[in-house]
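Undergrad: no sequence on hand, only this structure:
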């Protein structure tokens, strides 16, 4: 079995994001936004993403299967976001392994408080996060988002 690793995002990775951010089913599992992004919107967001420090592609050997990041938020908290964009790689434990790897990368940094938000019905993701040490802390309601009205906040400190 080939080893899963994380590598920094590079400009040529825009092709993966263009595909994944236009997959309606995949996006509905994450952001809940069902609006497909234009080329201009993908490019704008991707350039913003390239400038951030904690942005990694998830690879198995030479194959890129997903993306994981840590984004600085308020009060010393960082939000992690992960997507396994290659559907053939779903259900194989890659998400759990990628989360463990990014947590290992930040172990010696000043980042101590990490959280994520997940759909309450995304049981597969919740199990993966729990295996990595995340615990559900509260339900967050988004009354103005009909595609993602509620999430579970999970924290790892």
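TA: Structure received. The structure displayed is predicted, hence computed values, not measured ones.
Undergrad: against residue 81, how distant is residue 157?
TA: Separation of residue 157 from residue 81 (CB to CB, to the nearest Å) stands at 18 Å. For every residue, glycine as well, the C-beta is placed using N, CA and C.
Undergrad: residue 104 too?
TA: From residue 104 to residue 81 the distance is 17 Å (CB to CB).
Undergrad: for residue 157 and residue 81, indicate the residue with more neighbours.
TA: Set side by side, residue 157 and residue 81 show more neighbours around residue 81, with 14 against 11, by other CB atoms under 10 Å.
Undergrad: surely the more buried one and residue 71 touch.
TA: Yes: checked against CB atoms under 8 Å, the pair residue 81 and residue 71 is within contact range at 6.8 Å.
Undergrad: part of a helix, is residue 147?
TA: No: counting by DSSP: H, G, I helix; E, B strand; the rest coil, residue 147 is located in no helix; its state is coil.
Undergrad: backbone phi and psi for it, please?
TA: For residue 147, the backbone dihedrals (degrees, to the nearest 10) come out as phi -90, psi -20.
Undergrad: tell me the contacts of residue 157?
TA: Contacts for residue 157 (CB atoms under 8 Å, 6 or more residues apart in numbering) come out as 112, 113, 114.
Undergrad: show me where the chain has its strands.
TA: Taking DSSP state E as the criterion, the chain carries its strands at 4-8, 55-60, 63-72, 77-84, 113-118, 135-141, 150-156.
Undergrad: name the helices or strands packed onto the shortest one?
TA: Other elements packing on strand 4-8 under the criterion 3 or more CB pairs under 8 Å, 6 or more residues apart in numbering; DSSP states H and E are strand 55-60, helix 94-106.
Undergrad: so of these, which one's packed in deepest?
TA: Neighbour counts (mean count of other CB atoms under 10 Å) averaged over each of these peak at strand 55-60, with a mean of 20.
Undergrad: so that one versus strand 4-8, what angle?
TA: Here strand 55-60 runs at an angle of 150 degrees relative to strand 4-8 (axes from the mean of the first three to the mean of the last three CA atoms, to 10 degrees).
Undergrad: let me see the mean pLDDT of strand 55-60.
TA: Mean pLDDT, computed over strand 55-60, is 96.
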